[in-house]
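> what follows is a predicted protein model with its sequence.
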Amino acid sequence: MKKGAVAGGIVSLTAVIGYLIFIAHAVISTSLGHRNKELTYFKRSHEVLHKFDHERMSSLNIGTPKLSTNTYHDTIENDPNRDYTYLGTRENATLLMLVRNWELDGALKSMRSLEDRFNRKYHYDWTFLNDVPFDDAFIEATSAMASGKTSYGLIPSSDWDRPSSIDDEKFESSLQLMQEKGVIYGGSKSYRNMCRFNSGFFFRQKLLDQYRYYFRVEPDVEYYCDFPFDPFRVMREQRKIYGFVISMYEYEDTIPTLWDAVEEFMADNPDIVDLETNSYDFIIDDSMIGTEMPIIQSNSMYNLCHFWSNFEIGDLSFFRSERYLRYFEHLDRKGGFYLERWGDAPVHSIAVALLLRQDEVIHFDELGYYHIPFGTCPTAHNIMLQQRCACDPGADSNIDIKAHSCLNRWWKMGGGKYFMKHG
């Protein structure tokens, strides 16, 4: 009886195991079948979506919208046989980098990214500036990385160093106070030199005399996407003077009295500030957009919005102009570059907003870019594919979707996406 019971138990156990194996196979097969069907349907859905988008866009009478609002223009076909040979035509422009010898690795990283994404097709010149002479290792490595000619300039001390008009005791006191308050770069002397230089002297360097346009490049940045056009050509053909990719709020602790100086300038120079055509509203608007109020509350009329100047493409003739020089010299006399910590980004941005027409400023929203800690990435799927973008529009680093971006305010109040003004 015991042997029979054991035998019967074994048979029953075997049957159970066999049944479980059968069930497992059935479940796995069914799951795989559903998964395969899901993938098939997803693929078909994706194909239909793209077909629909293409037909819809090609049937529209789009005309030639300005590039900054052209994100969803889906008429450029992917070309697997890209030709990166020199096109034979270039604008009168240079790629400009203010950099130190010890930043060579970061400079090469930025150069490699921009060469791969843009300049290997055009071979624009590179211009490097430093407040000390470049060493041989820097010159050798950057010359090898560049596809165009390279030039290396030594900034005169008169353009870089703190002017004698700044009181030493007040200056040291300001450094200490800002450092104690935790203001970013608040205790740095060289950072102040750099901000003043970029605000009022970079365009006066002799190496730049031969050029009309510049593209500012900084060490340790990345360009996420292939450039679908030559931005210098866009600037000339569309009569743009200033181009940007990121707009955000400034730290008010760095510029507590900047707006006071700007208001004095506006009052003293009404002949060059046209409130009817400029972007003044962009830098003073603090209204609700959608359901959101600005996250930064300013203590002045200036809402602290500015264009992030580590990526800017500009017409040097504007910065060399009498109107800009009047603006810069007025600010410089106030001493705020040293007694506070005025940055070149708000200084440039306010000048652009006050002295240029709205239609002379362009937002290059097709160009993916990253400078620690923020970036921008095109949101249109087709552009991501066409331009081989290596970024995620939903990433935390994408400032365009963050509350501290001023881009939606530019769309509404500046020269951006005009549908925002009528919503």
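Looks like it arrived, so ask away. Numbers count the residues shown, from 1 in each chain.

> for whatever helix or strand Leu129 lives in, name the packing helices and strands.
Element membership for Leu129 (DSSP states H and E) is strand 125-130. For strand 125-130, the elements it packs on are strand 93-98, helix 136-145, strand 150-154, judged by 3 or more C-beta pairs under 8 Å, 6 or more residues apart in numbering; DSSP states H and E. From N, CA and C alone the C-beta is placed, and that goes for glycine too.

> run the last query once more with 6 Å
If contacts are counted by 3 or more C-beta pairs under 6 Å, 6 or more residues apart in numbering; DSSP states H and E, strand 125-130 sits against strand 93-98, strand 150-154.

> in the last one, which residues are buried?
Neighbour-count burial for strand 150-154, with 16 or more other C-beta atoms under 10 Å as criterion, is recorded at Thr150, Tyr152, Gly153.

> now what about the helix or strand following it, what contacts it?
Using DSSP H and E, the next helix or strand after strand 150-154 towards the C-terminus is helix 157-160. With C-beta atoms under 6 Å, 6 or more residues apart in numbering as the test, helix 157-160 has contacts from Asp131, Asn193, Phe197, Phe201.

> quick check on the third one: phi, psi?
By that I understand Phe197. phi -60, psi -50 (degrees, to the nearest 10).

> okay, the closest residue to it other than its chain neighbours: pLDDT?
Take Phe197 and drop its neighbours on the chain: the residue closest to it by C-beta to C-beta, 6 or more residues apart in numbering is Trp160, 5.6 Å away. With respect to pLDDT, Trp160 scores 98.

> for Ser165, helix, strand, or coil?
Here Ser165 is coil, with the state taken from DSSP: H, G, I helix; E, B strand; the rest coil.

> what about it, neighbour count?
Residues lying near Ser165 (other C-beta atoms under 10 Å) number 9.

> swap in Pro231?
That count, for Pro231 with other C-beta under 10 Å as the rule, works out to 22.

> residues in contact with it?
Ile313.

> change it to 10 Å
Counting by C-beta atoms under 10 Å, 6 or more residues apart in numbering, Pro231 touches 67, 91, 93, 118, 213, 215, 240, 243, 313, 362, 364, 366-367.

> likewise for Val273?
Val262, Phe265, Met266, Ala267, Tyr280, Arg323, Tyr327, Ala353, Leu354, Leu355.

> so how far is the helix or strand Arg409 falls within off the chain centroid?
Per DSSP H and E, Arg409 falls inside helix 407-413. Its chain's average C-alpha position is 16 Å from that of helix 407-413, according to C-alpha atoms, centre = their mean, to the nearest Å.

> now do stretch 127-146
Relative to the chain's own centre, stretch 127-146 is displaced by 24 Å; criterion: C-alpha atoms, centre = their mean.

> can you give me the end-to-end span of that stretch?
From its first residue to its last, stretch 127-146 covers 10 Å (C-alpha to C-alpha, to the nearest Å).
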